[in-house]
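>>> coords please:
(one chain, ligands or ions: 2)
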Amino acid sequence: MNTTQHVINDSDESFRDHFNAVNEDGKRNWFYPQKPTGKWHTRRVWFTVLILTLLFATPFITFNGQPLLLFNVLERKFIIFGIFIGPQDYWLFGLTMLSFMVFIVLFTTVFGRLWCGWACPQTVFMEMVFRKIEYAIEGNATKQKLLNKAPWDTDKILKKTAKYMAFMTVSFLIANLLLSYVLGVDELSKIIREPIADHMPLFGGIIAFTAIFYFNFAWLRDQACTVVCPYGRLQGVLMDRNTINVAYDYERGEPRGKIHKNQERTEGDCVNCHQCVAVCPTGIDIRNGLQMECVNCTACIDACDNIMEKVGFEKGLIRYTSENAIVRKTNKLITPRVVGAMVMLVLLWSVLGFMVVSRTDTQTMLLRAPGSQYIENKDKTITNLYTFKIFNKTNHAIAPEIRLEGIQGKLIFAGASATGKSGPKAPDLSLEPAGMVEGTVFIIVPGNELKSRKTTLKLSVYQGNEKLEAFETTFIAPEN
Ligand code: SF4
Ligand code: SF4
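Ligands and ions are numbered 1, 2, ... in the order given. I've put the predicted structure just below:
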């Protein structure tokens, strides 16, 4: 809760003493929000269409032969906008997450809970899918209340069965959607086509997630935002007096009072109709000021605008605005806090951009074998022994080859096949996607190429003629 927020009625702050989703007996307050209608709701419906289209279409979009987004936590493989992040790239994943968090801080400081109301899958599915199914089957809030109190007659059984079957179907769809982001659509469709017995753990996962989503949308509902979601709880520290939020203009609305015909109005514009409370999915009264439970769904803006239109007052008593805009009639979006977050974000994105651009397809570690010495050969060459590891940082198989650069010499891998006409053949270093190969290799360099006891050798990893990576190692030789 933001303590800087103005409280409408200083004498009645009782709403702050308890959690409004729980009644005085400690039982749950089940909310029956009225169906929202109005300009903002229509906008949100269109935005939902866009969001859901993106959400369901993205797993099918491929880039360079791989999914655009993949979050395979089971195999620790991630693809973010076509960039494969394997086990070797945790720094990249960590930095991406860190910049995402800074972005969230910046976004929330400026625009409050815009994300919650418009794009969060919880709100989108709850208010725009599950709630709409409920309205379609059981009717508006009053009818829902009556139905819940009614005895279990045929009508109630049919309606409840239809509703919960529909909820279960959508939950199953969401569980599959989630899995398509974890495994990719190709893998998921393979699992669907093949016998269930071949994929019991994954099938169990789909059932478990269906049950979780069903529980969330059929029962948990608003409490997912007000009790479970950590982002909602952070709002108080992320927002300030300049943050744009859905807010009630108490300067204009107070003192509130009913409209009395043929009587000059001395009160503010709030006619105390409680419509803003009736539509609220988290059951709060926005006139009490900014509250942690508000998910910025805009339903109260529409409800109040409809009333304002009816009574002939200017719309916008509840609107997107800030505390400073209400009190001082001025708002400053770019505050020192915003600038600080922006600077940090630009720095993080620059580092991230550089790392992505300079990222190589392989990561090779080639180190002199512990305790090994150089070997002086009869043909005046010097040999050093190394151990190596090559990691494939791509999501496709590669066949790398290590070559010396800028110096005469050769590499002989332990386990290499017999020397052919063109010298010893390298062993098969083929790598699976995100795979690793390791071994030992002798590097043999003519003595006349070495000018000092310690020489820095330049090496590269190639696939065919394509250079994948360049790296260095040290080579030890006798003093002269
Ligand atoms: S107070 Fe208004 S914007 Fe906030 S959750 Fe309730 S209806 Fe939605
Ligand atoms: S809908 Fe508007 S007029 Fe009615 S109680 Fe809420 S703020 Fe006041």
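>>> pLDDT score assigned to the residue sitting furthest away from the middle of the chain?
Outermost residue of the chain with respect to the C-alpha centroid, by Cα atoms, centre = their mean, is residue 378; its distance is 62.2 Å. For residue 378, the model assigns a pLDDT of 93.
>>> Check the secondary structure at it for me.
coil (DSSP: H, G, I helix; E, B strand; the rest coil).
>>> gap between it and ligand 2?
Note on residue 378: its distance to ligand 2, by Cβ to the nearest ligand atom, to the nearest Å, is 96 Å. Bear in mind the C-beta positions are built from the backbone N, C-alpha and C, glycine included.
>>> What is the neighbour count of the residue lying closest to residue 360 once chain neighbours are set aside?
Spatial nearest neighbour of residue 360, chain neighbours left out: residue 469 (4.1 Å); criterion: Cβ to Cβ, 6 or more residues apart in numbering. Residues near residue 469, counting by other Cβ atoms under 10 Å, number 19.
>>> wait, isn't residue 469 in contact with residue 362?
Yes - counting by Cβ atoms under 8 Å, residue 469 touches residue 362, with 4.8 Å between them.
>>> Give me the common contacts of these two.
residue 461 (Cβ atoms under 8 Å, 6 or more residues apart in numbering).
>>> where along the stretch 201-350 of the chain do the strands fall?
245-248, 318-321 (DSSP state E, counting those that start in this stretch).
>>> which one of those lies closest to residue 61?
strand 318-321 (32.1 Å; Cβ to Cβ).
>>> when you scan the closest one, is anything in it near ligand 1?
No - using Cβ under 6 Å from any ligand atom, we find that strand 318-321 stays clear of ligand 1, coming within 7.0 Å at best.
>>> Can you list the strands that that strand pairs with?
Strand 318-321 sits in its sheet next to strand 245-248 (antiparallel), going by DSSP bridges.
>>> which residues touch the partner strand?
Against strand 245-248 from outside (Cβ under 8 Å, 6+ apart): 8, 112-113, 117, 239, 270, 276, 286-287, 289-290, 294, 296-298, 300-301, 317-323, 326.
>>> mind running it again at 6 Å?
112, 286, 287, 296, 318, 321 (Cβ atoms under 6 Å, 6 or more residues apart in numbering).
>>> same thing with stretch 36-54?
Counting by Cβ under 6 Å, 6+ apart, 118, 119, 124, 128, 279, 298, 299, 301, 302, 305 sit against stretch 36-54.
>>> ok, and for the longest helix along the chain, which residues are buried?
Secondary structure of the chain per DSSP state H: the longest helix is helix 154-183. Applying a neighbour-count criterion of 16 or more other Cβ atoms under 10 Å, one finds 156, 159, 163, 166-167, 170-172, 174-183 buried in helix 154-183.
>>> Same question for stretch 231-250.
Quick answer for stretch 231-250 (16+ other Cβ under 10 Å): 232, 235, 238-250.
>>> got the end-to-end distance for stretch 78-95?
14 Å (Cα to Cα, to the nearest Å).
>>> Check stretch 245-260 too.
31 Å.
>>> Show the average pLDDT along that stretch.
94.
>>> What is the neighbour count of residue 353?
Residues near residue 353, counting by other Cβ under 10 Å, number 10.
>>> Not counting the helix or strand where it lies itself, show me its contacts.
Per DSSP states H and E: residue 353 is located in helix 336-357. The contact list for helix 336-357, computed with Cβ under 6 Å, 6+ apart, reads 95, 99, 102, 105, 106, 109.
>>> Lowest-confidence member of those residues, which is it?
For the contacts of helix 336-357, the pLDDT minimum is residue 105, 87.
>>> what sits against it?
Contact analysis of residue 105 by Cβ under 6 Å, 6+ apart lists 238, 341.
>>> now it, what's its secondary structure?
helix.
>>> buried stuff in the host helix or strand of residue 187?
Take DSSP H and E as the rule and residue 187 turns out to sit in helix 185-193. Of the residues in helix 185-193, 185, 187, 188, 191 count as buried by neighbour count, 16+ other Cβ under 10 Å.
>>> now swap in stretch 271-286 and tell me
Burial within stretch 271-286, assessed by neighbour count using 16+ other Cβ under 10 Å, is assigned to 271, 273, 275-286.
>>> Quick one: name the residues of the stretch 151-300 of the chain near ligand 1.
Proximity of the stretch 151-300 of the chain to ligand 1 (Cβ under 6 Å from any ligand atom) is limited to residues 246, 279-282, 284, 286, 294-300.
>>> Now render those as TSV, adding distance to residue 135.
Shown next, in TSV, are those (distance: Cβ to Cβ, whole Å):
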residue	distance to residue 135
246	22
279	12
280	16
281	12
282	17
284	21
286	22
294	22
295	18
296	21
297	15
298	17
299	13
300	18
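>>> Using the three-state scheme, assign residue 456.
strand.
>>> How is the closest residue in space to it that isn't next to it in sequence assigned, secondary-structure-wise?
Spatially, and ignoring its direct neighbours in sequence, residue 456 is nearest to residue 472 (5.3 Å; Cβ to Cβ, 6+ apart). Counting by three-state DSSP, the backbone at residue 472 sits in strand.
>>> Residue 472: neighbour count?
11.
>>> before we move on, the earlier item: mark which of the contacts of stretch 36-54 are buried, thanks.
Buried members of the contacts of stretch 36-54, scored by 16+ other Cβ under 10 Å, are 118, 124, 128, 279, 298, 299, 301, 302, 305.
>>> so what's the fourth one up against?
Under the criterion of Cβ under 6 Å, 6+ apart, the contact list for residue 279 reads 33, 34, 36, 299, 300, 303.
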